[in-house]
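Chemist: This is a predicted model, with the sequence first.
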Amino acid sequence: MQAWVVIMVSLSYLLVLFAAAHFIDKNARSGKHFLDYKWIYAMSIPVYCTAWTFYGSVGKAVSDGWEFLAIYLGPVVTMPLWWLLVRKLIRICEIQRISTLPDLISSRYGKSVLISVLSSVFMIIGIIPYISIQLKAITSSFEILVYGEYQSFNLSSIFLNDSAFYLAIILAVFIVIFVFRTIETTDKHYGMMGAIAIDSLVKLVAFLAVGLFVTYVLFNGFGDVFQKAGPVLSQSFYQIPSEDGFNWFFLLLLSMSAILLLPRQFQVIVSENTSEQHLKTAGWVFPVYLLLINLFVVPIALAGQLLLPPSIHPDSYVLALPLQEGNSGLALLTFIGGFSAATGMIIVSTTALSTIISNNMFVPLILKRVENMRLYASLPLRSRRLAVFVILLLAYLYYKFVADRFSIVSIGLISFAAMVQFLPSIIGALFWKDANRKGVLAGLIVGYIIWGYTLVLPTIVEIGWLPPSFLTEGLWGMEILRPEALFGIELSPISNGTFWSLFLNFVLFFGISLYSDQAPKERNVAEFYVDIFKTSAPDQQLVWKGTTKPQNLLDVSEDLLGKPRTQQALVQYEATYGKINFSKQVESTFVNHIERMLAGAIGSASARLLIASIAKEEEIELSDVMNLLRETSEISTLNSELKIKSNELSKRTMELERANDRLQNLDKEKDDFISTVTHELRTPLASIKAFVEIIQDNPDLEEKDQFLDTINEEIDRMTRLINQVLDMEKLESGVVTIERKEVIPYQILEDSLASMAHLLKSKNIELINDFPEELQNLTILGDQDRLKQVFINLISNSVKYSRPECPRIEIRGEHVGSQLEISIIDNGRGIKEENVGMIFDKFFQARDQTLKKPKGTGLGLSITKRIVELHNGTIGVKSKWNLGSTFSVKLPIMQRG
Amino acid sequence: MRKLKSMDTKVRGWLTGVFVLFFLLFNAPFIYLPKGTVGGVPSILIYIVTNWVLVTFFMWWFSTKSND
């Protein structure tokens, strides 16, 4: 392929990236987001997948089988912890306006300049090689695409003769334009994040395209690839060899740490986070991404071994396979995918490292030497911009002189092992209040010495700058000090280096922290960090003692942050704490507030130095910290008690609301009852009055006797109604109690039937007695008269609603569990389905609009039900319209013995 | 307060438990167990992808839950 084509496509891609970044940034700052930021956030985390993933994974799969996957499984396994761990980090960094890992560590451990500088140096030493392999990946893939081969370690083309050099400059310009516009490092870089998200998408699509091409065009699927590879080539993919157990474990550990501790990961996950809730989306999007981008690594590795000549380096299989098959379009897409993977990493890492150099090394060192930092207010931003070029130049040189001799993965793993040295200090910062500065310093220094000795020195031996005997015979000729098998333990070099460096780091960090003193100020910060979720007013949590005027702090803030930003900080502060009195000495809360604002621009260590240079500070004592803790604890207890009281109040309110609803229902029932009863009394009274008037006006009326009979009936009806109302009232209020004597229900039933014999005969109702003999003598505890009332009511209802032709009433008995069930079955009119549920309601008949004239008071069944319930029994009905009804009463049988 | 604390502790416990479970599943000795092939595809690949999907599903389910 022609070089100019590749260069044009690459530049066009970068231009598109620039344009997208500019567009996203511009819109975000005016409050417009064309896509919910949570998706951009989630898709920027795959910046973790660099040229190492794109090219190096295949190479690692060829040499070491499944081990390549440990680098991606580590982050997947940590996902459940993100809500606990990462959220805490985000909260701390948001409140304290921290944007880098060294800043976090320095801020937590006494705002120490020494820790700030050391951790920055270690981080830069660890990451420069990682950036260099990205440059290598771009250069090598370019040369393979254009020239068909890549000549490694070619020092004849360097600087102006080298495309990698121009690439480094272009990227440096991009970073300066889009990232370092203002001094604030805690400003969100929406444009950069958008560009990274686009990169993630492009590299995924490119890799999937190659994977699908290899697996389904060159072969017939996964099974076919493994089958054609045969047992020899694919042996390492049938399982993980047990002797690689330690290697696998350490690789997992490295990747579990790296996903958060790498500067680019810290930048996108913590510094660029705008909402903690976005972690939940990222928690599943990122594992899906990792799965997809690794899906075809093994088929590509096997296909490369089958189809490509041995001279092709496995790291290049991804590009070489489509090239060999003559698919230039796919090859170009693959190149762009690798290009985006590498450039994404370079942009974010360089951004992070430049901020680190400026805030954690340059500015603190300047502050220690100059009287008035205000004169050098523009220095932090300028130093950051300069650092971008310095970092990329160093990375370029490392690539040319060292990295070019090694595989992508081997250099990458060394960087991972460098980052894992921060693990003890981060865990201590978040969860252990006793972790202190001395422990961190000891752990970091020793950890990095061992890291350098076991992992970096062997690479220097490899390139010939140290004699080989250094590796074979060890330091001072002592075999026990061989770098790749320290103290005689034989592990893979990366496992060996990781184990010893991390082990000694942890031991010193833990041991020295435990047995050394912690300064009160550091203790104060430790309490604040570890209990960050309990903090509501951060400016009140940190103790400060000293004297200065508020205007002094505002002046220095204006010089560094500018007037608008300073005014904004002042307004924010006064909204919480009230107006500042500029004639008085400054409050500690204001000092903390301004210090946090400054930390967002120049780092916490520098901000601390700046404040110390303006104010006359006093030494914090332990008693000051303990007093604050006591106050905080009291407030916390009061808050808890308030919450409990508030919950109780809510419960009481709900109970009151329910009681109110009940009262309203009862009130409505009472109104309905009064309305119905008065209606039921008024109707017969009106009828009586009418008949009396007729009789008075016509004393000789022929129908006088008939009318008098009707008047009598109506009076009887009213009497029955009043009696039943009184009866109902007594039963419901509990005035009437049920007499509990041993009674035989069957006998009571027979008595009831006997008292209604005349009525049954007059209506020609056939009575069928199906009551089993063995149940006829069962006894219950009950009131004879009341039970007779129940049976008479049920039987009289059956008579009342019996059909004119062949009327029939059947009596049945059944032993159901511990109860006697007595059923009265008729073949009368029955009850409509929609009314069955209401048949026992008071005055149901009066409300039933289908009845022209109610046959009764409407209280009979309600009274019956109440009586049965007072006997601890139940009553139910089954009925079908025009087919009859069955009323069943269940009463508990008396238990003997 | 007790109720609120127990909810927070429960969530922490569950998340930590799931992490420990998958750390073990992706580590010795479980990851050494799968041998052979299924339909021509190595069993270890199926084992890894299955557990990978499980973690992803758990994280998706967790994301559908309300705050804290």
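Modeler: That came through, no problem. Residues are numbered from 1 along each chain as shown, chains lettered A, B, ... in the order given.

Chemist: rest of the way, CA atoms for contacts and neighbours
Modeler: OK.

Chemist: A:F416 looks like it's in a strand, true?
Modeler: No - applying DSSP: H, G, I helix; E, B strand; the rest coil, one finds A:F416 to be helix, outside a strand.

Chemist: That one - how many residues pack around it?
Modeler: 26 (other C-alpha atoms under 10 Å in any protein chain shown).

Chemist: What of the one 3 residues further on?
Modeler: A count of nearby residues for A:M419, using other C-alpha under 10 Å, gives 24.

Chemist: Now do whichever strand or helix holds A:L167: which elements does it pack against?
Modeler: A:L167 is part of helix A:163-178 when elements are defined by DSSP states H and E. Counting contacts by 3 or more C-alpha pairs under 8 Å, 6 or more residues apart in numbering or on different chains; DSSP states H and E, helix A:163-178 packs against helix A:3-29, helix A:113-147, helix A:328-356, helix A:379-401.

Chemist: can we see that at 6 Å?
Modeler: If you count contacts as 3 or more C-alpha pairs under 6 Å, 6 or more residues apart in numbering or on different chains; DSSP states H and E, helix A:163-178 packs onto helix A:379-401.

Chemist: Could you look up the SS state of A:L701?
Modeler: coil.

Chemist: ok, so what distance separates it from A:K689?
Modeler: If you measure A:L701 against A:K689 using C-alpha to C-alpha, to the nearest Å, the figure is 16 Å.

Chemist: which residues are contacting the helix or strand following the helix holding A:L167?
Modeler: Per DSSP H and E, helix A:163-178 leads on to helix A:190-212 as the next helix or strand towards the C-terminus. By C-alpha atoms under 6 Å, 6 or more residues apart in numbering or on different chains, the surrounding residues in contact with helix A:190-212 are A:17, A:21-22, A:24-25, A:40, A:43-44, A:293, A:296, A:333-334, A:337, A:340-341, A:344.

Chemist: Keep only those of those residues that are also close to chain B.
Modeler: For chain B, no contacts are drawn from the contacts of helix A:190-212 by C-alpha under 6 Å from any C-alpha of the partner chain.

Chemist: Among those, find me the one that's closest to chain B.
Modeler: Chain B lies nearest to A:F296 out of the contacts of helix A:190-212, by C-alpha to the nearest C-alpha, at 11.5 Å.

Chemist: show me the contacts for that closest one.
Modeler: A:G211.

Chemist: and what of A:A21?
Modeler: A:A21 neighbours (C-alpha under 6 Å, 6+ apart): A:191-192, A:194-195.

Chemist: Please report which of these has the highest neighbour count.
Modeler: Neighbour max across these (other C-alpha under 10 Å) = A:M192, 28 neighbours.

Chemist: buried sites along stretch A:668-684?
Modeler: Neighbour-count burial for stretch A:668-684 flags A:676-677, A:680-681, A:684 (criterion: 16 or more other C-alpha atoms under 10 Å in any protein chain shown).

Chemist: Quick check: closest non-adjacent residue to A:Q134.
Modeler: Closest residue to A:Q134 apart from its sequence neighbours, by C-alpha to C-alpha, 6 or more residues apart in numbering or on different chains: A:A342 at 4.9 Å.

Chemist: Thought A:T50 was touching the one you found, still the case?
Modeler: Yes - counting by C-alpha atoms under 6 Å, A:A342 touches A:T50, with 5.3 Å between them.

Chemist: What segments of the stretch 551-700 of chain A are helices?
Modeler: Taking DSSP state H, counting those that start in this stretch, the helices of the stretch 551-700 of chain A run over residues A:563-577, A:588-602, A:604-614, A:622-697.

Chemist: List just the one of those that sits closest to chain B.
Modeler: Closest approach to chain B among those is made by helix A:622-697 (5.4 Å; C-alpha to the nearest C-alpha).

Chemist: and the closest one, is it in reach of chain B?
Modeler: Yes - using C-alpha under 6 Å from any C-alpha, we find that helix A:622-697 touches chain B at A:S640.

Chemist: for that helix, the distance to its chain's centre please.
Modeler: Centroid displacement of helix A:622-697 relative to its chain, using C-alpha atoms, centre = their mean, to the nearest Å, is 39 Å.

Chemist: Could I get the average pLDDT for that helix?
Modeler: The average pLDDT within helix A:622-697 is 81.

Chemist: Which other helices and strands does it contact?
Modeler: Using 3+ C-alpha pairs under 6 Å, 6+ apart: helix A:622-697 touches no other helix or strand.

Chemist: need the next SSE after it, C-terminal direction.
Modeler: Moving toward the C-terminus from helix A:622-697, the next helix or strand (DSSP H and E) is helix A:704-733.

Chemist: Which positions in that next one come out as buried?
Modeler: A:704, A:707, A:710-711, A:714-715, A:717-718, A:721-722, A:724-725, A:727-728, A:731.

Chemist: closest to A:W465 among the residues you listed?
Modeler: A:L731 (107.3 Å; C-alpha to C-alpha).

Chemist: Go ahead and list the helix or strand containing the residue in the stretch 751-897 of chain A that chain B sits nearest to.
Modeler: Using C-alpha to the nearest C-alpha, the single residue of the stretch 751-897 of chain A nearest to chain B is A:N872, 40.1 Å away. Per DSSP H and E: A:N872 is located in neither a helix nor a strand.

Chemist: burial count for it?
Modeler: Neighbours around A:N872, by other C-alpha under 10 Å: 13.

Chemist: Please save the CA atoms from the strand or helix carrying A:G230 in PDB.
Modeler: Applying DSSP H and E as the criterion places A:G230 in helix A:222-234. What follows is helix A:222-234, C-alpha atoms only, in PDB (Å, rounded to 0.1, in the frame of the first residue of the first chain):
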ATOM      1  CA  PHE A 222     -14.100 -21.700  15.800                       C
ATOM      2  CA  GLY A 223     -14.200 -25.500  15.700                       C
ATOM      3  CA  ASP A 224     -12.600 -25.600  12.300                       C
ATOM      4  CA  VAL A 225      -9.700 -23.300  13.400                       C
ATOM      5  CA  PHE A 226      -8.900 -25.600  16.300                       C
ATOM      6  CA  GLN A 227      -9.300 -28.700  14.300                       C
ATOM      7  CA  LYS A 228      -7.000 -27.500  11.500                       C
ATOM      8  CA  ALA A 229      -4.500 -26.200  14.000                       C
ATOM      9  CA  GLY A 230      -4.200 -29.800  15.300                       C
ATOM     10  CA  PRO A 231      -3.200 -31.000  18.800                       C
ATOM     11  CA  VAL A 232       0.400 -29.600  18.600                       C
ATOM     12  CA  LEU A 233      -0.400 -26.000  17.900                       C
ATOM     13  CA  SER A 234      -3.600 -25.800  19.900                       C
END
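
Chemist: what's the average pLDDT for it?
Modeler: 81.

Chemist: what's next to the very next helix or strand once past that helix, contact-wise?
Modeler: Once helix A:222-234 ends, the next helix or strand along the chain (criterion: DSSP H and E) is helix A:245-261. Residues outside helix A:245-261 that contact it (C-alpha under 6 Å, 6+ apart): A:70-71, A:74-75, A:266, A:416, A:419-420, A:495.

Chemist: ok, now stretch A:112-124?
Modeler: Applying C-alpha under 6 Å, 6+ apart, the contact partners of stretch A:112-124 are A:102, A:106, A:360-361, A:605.

Chemist: tell me the SS of A:I839?
Modeler: Classified using three-state DSSP, A:I839 is coil.

Chemist: Let me know how buried it is, in neighbour terms.
Modeler: 18.

Chemist: Would you list the phi and psi of it?
Modeler: phi -60, psi -30 (degrees, to the nearest 10).

Chemist: cool, and A:R812?
Modeler: phi -130, psi 150.

Chemist: A:S823 is in contact with that one, correct?
Modeler: Yes - between A:R812 and A:S823 there is a contact at 5.0 Å, judged by C-alpha under 6 Å.

Chemist: Output the contacts of A:A21 as TSV; include the columns distance to A:D404 and pLDDT.
Modeler: Putting the contacts of A:A21 into TSV (distance: C-alpha to C-alpha, whole Å; pLDDT from 0 to 100) gives the following:
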residue	distance to A:D404	pLDDT
A:G191	32	84
A:M192	29	84
A:G194	31	89
A:A195	28	88
